[in-house]
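Chemist: I would like to see how this sequence folds:
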Amino acid sequence: MISGAPLAEWSFPAEPGSARTARAAVRETLRDWGLDTVVDLAVLLVSELVTNALRHASGPIGVRIVLKSGGGLLVEVSDPVPDPPRERAATPDDEGGRGLQLVACTSRRWGTRHGRTGKTVWFELSVAG
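Modeler: Predicted coordinates:
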């Protein structure tokens with residue numbers, strides 16, 4: 001990441017409406033940055049990760065986006081639960097279990113890291129022309 005790179009971050013309460021609010025904030029910011037080509041995918045993946053955090057966390061959920069040099073968009077979703085998420089194979093009848101598969105299949109790369117409190121799940125999308 002270069003110094004002065006575009007960056008936006010928010011903190012949302014662990015409440016049902018937070019996924020909708022996070023989607024709107026990311027959508028508006030990426031459009032302001034002129035990144036219309038990745039808006040829909042970034043919003044979908046943020047929604048999946050925030051929803052996962054809502055299911056498992058009781059504290060605030062952080063969302064951070066950074067436009068990196070080299071044509072990458074870094075998106076991070078943090079919560080206070082230290083346990084890393086588990087990717088699982090959902091059956092056709094399962095109501096859930098596809099979020100991390102979706103992140104893994106559609107992002108350039110993704111991962112998790114431990115923080116001082118909790119964890120961060122991150123992914124990168126290519127934004128190069």
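Chemist: give the buried residues for the least confident helix or strand in the chain by mean pLDDT.
Modeler: Of all regular secondary-structure elements in the chain, judged by mean pLDDT, DSSP states H and E, the least confident is helix 99-106 with a mean of 89. Buried residues in helix 99-106, counting neighbours by 16 or more other C-beta atoms under 10 Å, are found at 99-100, 103. In short, each C-beta sits where N, CA and C put it, glycine included.
Chemist: which SS class is the residue most central in space within the chain?
Modeler: Taking C-alpha atoms, centre = their mean as the criterion, residue 46 is the residue nearest the geometric centre of the chain, at 3.6 Å. The assignment at residue 46 comes out as helix when based on DSSP: H, G, I helix; E, B strand; the rest coil.
Chemist: residue contacts, it?
Modeler: Each residue near residue 46 by C-beta atoms under 8 Å, 6 or more residues apart in numbering is listed here: 22-23, 26, 63, 75, 77.
Chemist: ok, 10 Å please
Modeler: For residue 46, the contacting residues are 19, 22-23, 25-27, 63, 65, 75-77, 103, 123, by C-beta atoms under 10 Å, 6 or more residues apart in numbering.
Chemist: residue 47 too?
Modeler: Going by C-beta under 10 Å, 6+ apart, residue 47 touches 19-20, 22-23, 26, 77, 99, 102.
Chemist: kindly recompute the last result at 7 Å.
Modeler: Residue 47 makes contacts with 19, 23, as judged by C-beta atoms under 7 Å, 6 or more residues apart in numbering.
Chemist: that one and residue 106, how far apart?
Modeler: Going from residue 47 to residue 106 by C-beta to C-beta, to the nearest Å gives 13 Å.
Chemist: quick one, strands of this structure?
Modeler: Assignment of strands within the chain using DSSP state E yields the ranges 7-12, 61-68, 72-79, 109-114, 119-126.
Chemist: how about JSON lines for those, with mean pLDDT, mean neighbour count and distance to residue 51 added?
Modeler: What follows is those, written out as JSON lines (pLDDT from 0 to 100; neighbours: other C-beta atoms under 10 Å; distance: least, C-beta to C-beta, whole Å):
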{"stretch": "strand 7-12", "mean pLDDT": "97", "mean neighbour count": "15", "distance to residue 51": "12"}
{"stretch": "strand 61-68", "mean pLDDT": "96", "mean neighbour count": "20", "distance to residue 51": "10"}
{"stretch": "strand 72-79", "mean pLDDT": "96", "mean neighbour count": "22", "distance to residue 51": "10"}
{"stretch": "strand 109-114", "mean pLDDT": "94", "mean neighbour count": "13", "distance to residue 51": "16"}
{"stretch": "strand 119-126", "mean pLDDT": "96", "mean neighbour count": "20", "distance to residue 51": "12"}
